[in-house]
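Participant: no FASTA, just this:
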């Protein structure tokens, strides 16, 4: 949980020390820490390759709704 | 007539990418289309206010992002309260330590590199969709919409402690899913 909390706010001195010491000996949490960082790096790009085709029908619907505003 | 042509040009140019952006955040094509339509309507109504400080694209994305947040805000008001079972409970033993079977192992990859493969993002999307509903919402709002915890708690009407539990479980599940579906296939 401290690994996630440090993403958002500065941990207290005690929590920072706890986390540092824990990561020295816990290989699982050490791996999780790195893998969590990596996931955060990829997440914002999730839509990069997503193919959502805006059909002509959809675009026409948008245009019609805009024209009806005036 | 010129205004119509301009609207048509904008729609042709940006409807597709706005739809891709929105669909990955709301998980429903129909809702994504509604949001994109509302984005263009809003942009059209406020077109006099567009002074060109940002690009057309950035301006539309900014409106779209707000529409997505409005969508989450409205959904949070829907009185559907249910307990989401903890599917990550098996990852830890009774002393709250990782179990040997489920504890993360080193992946041996460059953790500082952004992936440029389409297949990976399909898998990431698949893993995201496997998350429970609230976990997914919190994940999208934090990592895709880049809201902070206070904003997300207000938006979803959840407590701070609930938020941290949700984001923790979401990350555990995502990591585990990517471990099985991408790293160790």
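Facilitator: Nice, thanks for sending it over. What you see is a predicted model; the values in this text were computed from it and never measured.

Participant: for chain B, which spans come out with low pLDDT?
Facilitator: B:1-3, B:77-85 (pLDDT under 70).

Participant: Excluding covalently adjacent residues, which one is nearest to the residue nearest the centre of chain B?
Facilitator: In chain B, the centroid-proximal residue (Cα atoms, centre = their mean) is residue B:140; its distance is 2.6 Å. Spatial nearest neighbour of residue B:140, excluding adjacent residues (Cβ to Cβ, 6 or more residues apart in numbering or on different chains): residue B:25 at 5.2 Å. (C-beta placed from N, C-alpha, C; glycine too.)

Participant: quick one: the one you found and residue A:11, what's the gap?
Facilitator: 29 Å (Cβ to Cβ, to the nearest Å).

Participant: what's the longest helix seen in chain B packed up against?
Facilitator: Secondary structure assigned by DSSP state H gives helix B:2-26 as the longest helix of chain B. Applying 3 or more Cβ pairs under 8 Å, 6 or more residues apart in numbering or on different chains; DSSP states H and E, one finds that helix B:2-26 contacts helix A:56-67, helix B:29-45, helix B:56-77.

Participant: Could you figure out how far that helix is turned away from helix B:29-45?
Facilitator: Here helix B:2-26 runs at an angle of 140 degrees relative to helix B:29-45 (axes from the mean of the first three to the mean of the last three Cα atoms, to 10 degrees).

Participant: Show residues contacting helix B:2-26.
Facilitator: By Cβ atoms under 8 Å, 6 or more residues apart in numbering or on different chains, the residues outside helix B:2-26 that reach it are A:46-47, A:50-54, A:58-59, A:62-63, A:66-67, B:29, B:32-33, B:35-36, B:39-40, B:43-44, B:56-57, B:60-61, B:64, B:68, B:71, B:125, B:140, B:144-145.

Participant: Among the residues you listed, the buried ones, what's the PyMOL command?
Facilitator: Burial among those is assessed by 16 or more other Cβ atoms under 10 Å in any protein chain shown; the matching PyMOL selection reads:
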select buried, (chain A and resi 46+47+50+52+54+58+59+62+63+66) or (chain B and resi 32+33+35+36+39+40+43+44+60+61+64+68+71+125+140+144+145)
